[in-house]
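Participant: Fold the following and give me the result.
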Amino acid sequence: MSVVRAIHFNTHDVIPLSVVNRGNLADLLDEDVVEVPCVVDANGAQPLHVDRVPPGVLPLLQRVKEYERLTVRAALEQSVDGARAALAANPLVPGLTAASALVDDLLPLW
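Facilitator: As a prediction, the model looks like this:
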């Protein structure tokens, strides 16, 4: 509702939103979706340029983005092996064995 309000009343509120990167975060691909502060007004949402993330955060951010890219690819290709690989890339999953077990548990839902 805050986005709708900012657009309707042309408030120029700064709201964190998910947008296509388009160079906003220099260390990620242009087509990645990123959550960044955006100025929201009657013209919609305009991302504020962030540029670089702190060096200590960068490896985790890149790993999560790779997981997201692999997940999207697996979904588009409807690939179970791709889903296993994607989940194994998630920093919260301890490896391919655990990812395979999780995917196998979820297979009946597909």
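Participant: confidence score at the nearest residue to V34 once chain neighbours are set aside?
Facilitator: Nearest residue to V34, sequence neighbours excluded (Cβ to Cβ, 6 or more residues apart in numbering): N21, at 4.8 Å. Yep, even glycine has a C-beta here, placed from its N, CA and C like the rest. N21 is assigned a predicted lDDT (pLDDT) of 96.
Participant: Do I have it right that N21 meets D30?
Facilitator: Yes: N21 is within contact range of D30, at 5.5 Å (criterion: Cβ atoms under 8 Å).
Participant: Of these two, give the one with the bigger neighbour count.
Facilitator: N21 (19 against 10; other Cβ atoms under 10 Å).
Participant: For that one, list the residues it contacts.
Facilitator: Neighbouring residues of N21 by Cβ atoms under 8 Å, 6 or more residues apart in numbering: 28-34.
Participant: Does L61 touch L28 like I think?
Facilitator: Yes: look at L61 against L28 with Cβ under 8 Å: they come within range, at 7.4 Å.
Participant: list residues touching both of the two?
Facilitator: What both L61 and L28 touch, as defined by Cβ under 8 Å, 6+ apart, is an empty set.
Participant: Identify all contacting residues around the helix or strand harbouring A99.
Facilitator: In this assignment (DSSP states H and E), A99 forms part of helix 96-106. For helix 96-106, contacts defined as Cβ under 8 Å, 6+ apart pick out 80, 83-88, 90, 93.
Participant: Tell me the one of those nearest W110?
Facilitator: The nearest member of these to W110, counting by Cβ to Cβ, is V80 at 7.9 Å.
Participant: Any idea how many residues pack against the closest one?
Facilitator: V80, neighbours per other Cβ under 10 Å, totals 15.
Participant: Excluding covalently adjacent residues, which one is nearest to it?
Facilitator: For V80, the closest residue by Cβ to Cβ, 6+ apart turns out to be V103, at 6.4 Å.
Participant: go on, A42?
Facilitator: Per Cβ to Cβ, 6+ apart, closest to A42 is N10, 4.0 Å.
Participant: Now the helix holding A99: average pLDDT?
Facilitator: 96.
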